[in-house]
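1. need a structure here:
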Amino acid sequence: MKHVEKQNLRRARLFLLIAVLLVVCFAMTGCDEEGECIEGGEHDYVLVQENAWLLVIAEDETYAKGGDQFEPRCGDTGRYFDEYKCSKCGEYVDRANGKTGVKQHELEPWKQTKAATCTSAGVEKRKCSNCFYRAGDDYQCDYSETRTVPALGHDYQNVEAKEPTCTEPGNTAGKKCKRCGHMHSGKVIPALGHDLVQHGAQAATCTAVGWDAYVTCSRCNYTTYAEKAALGHDWGDATYTWSADYDECTARRVCKRDSSHYEDVTVSATAADIPATCTENAKTVYTAMFGDPFATQTVTVTAEGTAAGHDWGEATYTWSEDRGKCTASRVCKRDGNHVETETADVTLQTTGNTCTGGATTYSVTFTNPAFVAQSDTVAFDGVGHREEIIPGVPATCTETGLSEGKICSVCGKILVEQKEADKDPNNHEGPFVLGLNADVPSTCTTPGYHTEGICKACGVEVKTELPLDSDNHHGIVFVQAVPATCVSTGLTEGTKCAGCGKVLSGLTETPVDPDNHDWDEASYNWQDNGFCTAVRKCKLEGTHVQTITLPINVLSNSATCEQAGTVTYAADFGEPFAPQFKTSDAPALGHDWGEWSQTSAPNCTEPGAEQHTCQREGCGATETREIPAVSGAHVAVVDPAVAATCVEEGKTEGSHCSVCGKVLVEQTATEKNPDNHAALKIGDDAEPATCEKEGYTGTLYCTACGTNGEDMFISEGDIIPALGHEYTDEGFCARCGKSKEQEGVSGGNS
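-> Next up, the predicted model:
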């Protein structure tokens, strides 16, 4: 989408430029330019930009002269134009300046495809981002460049000798690369690794900590020891034991993990006497107060046969407020909390009526013989008549009516008599004969009416006005959507009534869109610190600014190791910004020498040589230098030691130079070793063991140090235990073939 917008913008600018060129042509041929400056008088044009843009010259000049121009492709030749602005009204004009030029590639910043290391070169690539539009044909430039990034080379620093530890390697004194760790001189000593010592596990108990099996290092503080906290007691539920006289109570709780762990607490009890009542025996309550984690304990001891019984007072009687019930009650004189009650339903008998007054007699009887029957007569006044409306009869266009009246709903007395009403010419009863006027429906702004017809009774045409119909709209208007911007809300598309303006669909407000800006042209600022900044502002709200700062990349450098050239810098901001380019002089790069590599080693008599090569791509220059001969640099060869035997002397280890033959470490003779026999021999008495018979390893002799033609005795042999049978599943020995049955026969009593 952004690519299409960019193409449309380019087309618009092309059409604008063509129009300006036509105006310039008219001016050059003497034609009048229509219009004056809107500020009055002639325009006052001031040059604001040279070489504003480039238009390609078509190969066919006749075609080009016809006024049709194209957007240039990379490598095309074209004309430049200058841009002018009126200082009074701000109008822009573009005019050809007669200069020509070639459309240059718009190269993107270099992108790394392979990183350089100390010893290997890296690779970077960039391509042209230009795309064009010509007569319906989209064109993308496929130009690209690749360059080699030289190997970084080792960055050596002196390192002191360091002893290895269990986890960290050490090294001898020398030089080491800070980037990759390569040792130029000296050597790396591998980490020692831990010297592990095993330790057994110890289970945690209620009161003591524990641990799993772990290891420690005998050299360092490494350990896998992890302490397990003491478990603490896991107490079971407490049990409680009272003494025989209830003076004391003992609480005990036992640990579930170890029953030998328990806790006892004994407390003295307090006694509280509860006297006997009418119905309850006397009691004594014993209480033992323990406190956490134990619970308070109580025990109650009852003195049987000590209850006193009730001493009832005179009965009282209470009527309910509506006299529908009556409650009889009596209270114990000994304990006022002991009450005996009975509530019974009341029967009543009424004389007279409610309108004029009368009397009501209330009567009640009880089932408890302790309570006596009760009665009470209450006179009442009349409450007056209870009015009831007698509906009126409305008059019609041909009949008289009746007014509303009143009657007592209790005694039937007429309270307000009905009166005759005159005929009502507007109250038609029907039936109706269809009239000449049809129904007219209501709209959202105009009421309609319904034609009942012509009253048969009086011959009048009857119409009924209808209410407004808010859903009957007589004109629908489509309203286009209004997009929200960074400073204002928008509306969705929809419809509304042309009459009442009611919204029928859509037209809902959309929130402010903070990303919908109307950006102006971007500006670019090259900075001396190796960065380039792109800035654009929103035309709707000047405080909305988009800024991108990028490091400047080297696009190309024509300088070589020995010759100066030019370097092109680029900052590729990407959409919606444009790539930026800058060119300046570049000095010769100088050689990027690699490490010295020995081609021949010096020794004690001959010098050696070493060479290094320029690592920059396309150079390949080399330098060679001599490594002086070192008089003490003998090439040592070890002369191995020879162990002394029982009959021959030995030699210590020595060495000599393989180049000049000089003895470097002289070998010396060592005495004979009577314990290092040169030729051992097993005697003829050796015998192998069988399944049932012991064997013998044989007597050991030395044939080298014997005397008088006899071998030297060294040591006695060892007894080899009988091997025992190895029976197969079939019952036979795999070694000797003997069966289990034969072994049983030979081993039993005969």
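2. So for residue 125, what's the pLDDT?
-> At residue 125, the model reports a pLDDT of 93.
3. Tell me which other helices or strands the strand or helix carrying it touches.
-> In this assignment (DSSP states H and E), residue 125 forms part of strand 122-127. Applying 3 or more CB pairs under 8 Å, 6 or more residues apart in numbering; DSSP states H and E, we find strand 122-127 packed against strand 111-114, strand 144-149. For the C-beta atoms, the positions are set from N, CA and C on the backbone; glycine is no exception.
4. which stretch among these comes nearest residue 500?
-> strand 111-114 (63.3 Å; CB to CB).
5. give me the number of residues near the closest residue to residue 256 other than its chain neighbours?
-> Nearest in space to residue 256, with sequence neighbours left out and distances taken as CB to CB, 6 or more residues apart in numbering, is residue 234 at 4.4 Å. Residue 234 is flanked by 12 other residues according to other CB atoms under 10 Å.
6. Please report how far residue 234 lies from residue 505.
-> 73 Å (CB to CB, to the nearest Å).
7. Also residue 600?
-> 93 Å.
8. what pairs with the strand holding residue 125, and is each one parallel or antiparallel?
-> strand 111-114 (antiparallel), strand 144-149 (antiparallel) (DSSP bridges).
9. Kindly format the C-alpha coordinates of the first one as PDB.
-> Read it as strand 111-114. Taking Å, rounded to 0.1, in the frame of the first residue of the first chain, the C-alpha atoms of strand 111-114 are listed here in PDB:
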ATOM      1  CA  LYS A 111      23.800  -5.400   5.800                       C
ATOM      2  CA  GLN A 112      26.100  -8.000   7.300                       C
ATOM      3  CA  THR A 113      25.600 -11.500   5.900                       C
ATOM      4  CA  LYS A 114      28.600 -13.100   7.600                       C
END
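10. How about residues contacting that strand?
-> 122, 123, 124, 125, 126, 149 (CB atoms under 8 Å, 6 or more residues apart in numbering).
11. Return the members of those classed as buried.
-> Among those, those scoring as buried are 122, 124, 126, 149 (criterion: 16 or more other CB atoms under 10 Å).
12. and those, which two are the farthest apart?
-> So, the buried ones among the contacts of strand 111-114 by CB to CB: farthest apart are 122 and 126, at 14.0 Å.
13. Out of the helices and strands packed on strand 122-127, which one sits most buried?
-> Of all these, strand 144-149 carries the top mean neighbour count, a mean of 14, counting by mean count of other CB atoms under 10 Å.
14. Quick one: name whatever helix or strand follows that strand.
-> Heading C-terminal from strand 144-149 (DSSP H and E), you reach strand 156-159.
15. Run through who's touching the helix or strand just after that next one.
-> Toward the C-terminus, strand 156-159 is succeeded by strand 170-171 as the next helix or strand (DSSP H and E). Residues outside strand 170-171 that contact it (CB under 8 Å, 6+ apart): 159, 161, 162, 163, 164, 183, 186, 187, 188, 189, 191.
16. Buried subset of those as a PyMOL selection?
-> Buried residues within those, by 16+ other CB under 10 Å, are selected in PyMOL with:
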select buried, resi 159+183+186+188
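17. and which of the contacts of strand 170-171 is nearest to residue 523?
-> Nearest to residue 523 among the contacts of strand 170-171, with distances taken as CB to CB, is residue 159, at 51.5 Å.
18. Surely that closest one touches residue 178?
-> No. Between residue 159 and residue 178 there is no contact under CB atoms under 8 Å: 9.8 Å.
19. hey, where'd the helices end up in the stretch 601-750 of the chain?
-> Per DSSP state H, counting those that start in this stretch, the stretch 601-750 of the chain carries helices over the ranges 740-747.
20. lowest-pLDDT helix or strand in the chain?
-> For the chain, using mean pLDDT, DSSP states H and E, the weakest element among its helices and strands is helix 61-65, scoring a mean of 36.
21. Toward the C-terminus, what is the element adjacent to it?
-> Taking DSSP H and E, what comes next after helix 61-65 is strand 77-86.
22. same question for that next one, mean pLDDT?
-> Per-residue scores along strand 77-86 average to 80.
23. Going toward the C-terminus from that strand, what's the next helix or strand?
-> That would be, after strand 77-86 and using DSSP H and E, strand 92-102.
24. buried residues in that following strand?
-> So, applying 16+ other CB under 10 Å, buried residues of strand 92-102: 94, 95.
25. Against which helices or strands is that strand packed?
-> helix 2-28, strand 45-56, strand 77-86.
26. Go ahead and measure how far it is from the middle of the chain.
-> Put simply, strand 92-102 sits 57 Å off its chain's centre (CA atoms, centre = their mean, to the nearest Å).
27. Could you list the paired strands of that strand along with their orientation?
-> strand 77-86 (antiparallel).
28. Tabulate the CA atom coordinates of the partner strand in CSV.
-> Extracted as CSV, the C-alpha positions of strand 77-86 are listed here (Å, rounded to 0.1, in the frame of the first residue of the first chain):
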residue,chain,number,x,y,z
THR,A,77,20.2,10.9,-18.4
GLY,A,78,17.8,13.8,-17.6
ARG,A,79,17.3,17.5,-17.0
TYR,A,80,17.3,19.4,-13.6
PHE,A,81,14.9,22.1,-12.6
ASP,A,82,15.0,24.9,-10.0
GLU,A,83,12.2,25.6,-7.5
TYR,A,84,11.0,29.2,-6.8
LYS,A,85,8.5,30.5,-4.2
CYS,A,86,6.6,33.8,-4.3
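29. Now do the buried residues in that strand.
-> Buried-residue list, strand 77-86, by 16+ other CB under 10 Å: 78, 79, 80, 81, 82, 83, 84, 85, 86.
30. what do you get for stretch 308-315?
-> 308, 310, 315.
31. from the chain's centre, how far out does that stretch sit?
-> The answer for stretch 308-315 is 81 Å, by CA atoms, centre = their mean.
32. just stretch 342-356 next, same as before
-> Between the centre of stretch 342-356 and the centre of its chain there are 81 Å (CA atoms, centre = their mean).
33. Would you work out how far apart the start and end of stretch 273-293 are?
-> 28 Å (CA to CA, to the nearest Å).
34. wait, stretch 676-687
-> End-to-end for stretch 676-687, by CA to CA: 26 Å.
35. Contacts for that stretch, please.
-> With CB under 8 Å, 6+ apart, stretch 676-687 has contacts from 643-648, 695-705, 711-712, 714, 717.
36. With adjacent residues omitted, what lies nearest to residue 649?
-> Closest to residue 649 by CB to CB, 6+ apart is residue 669, at 5.0 Å.
37. residues contacting residue 739?
-> 731, 732, 733.
38. The same query, at a cut-off of 6 Å, please.
-> 731, 732 (CB atoms under 6 Å, 6 or more residues apart in numbering).
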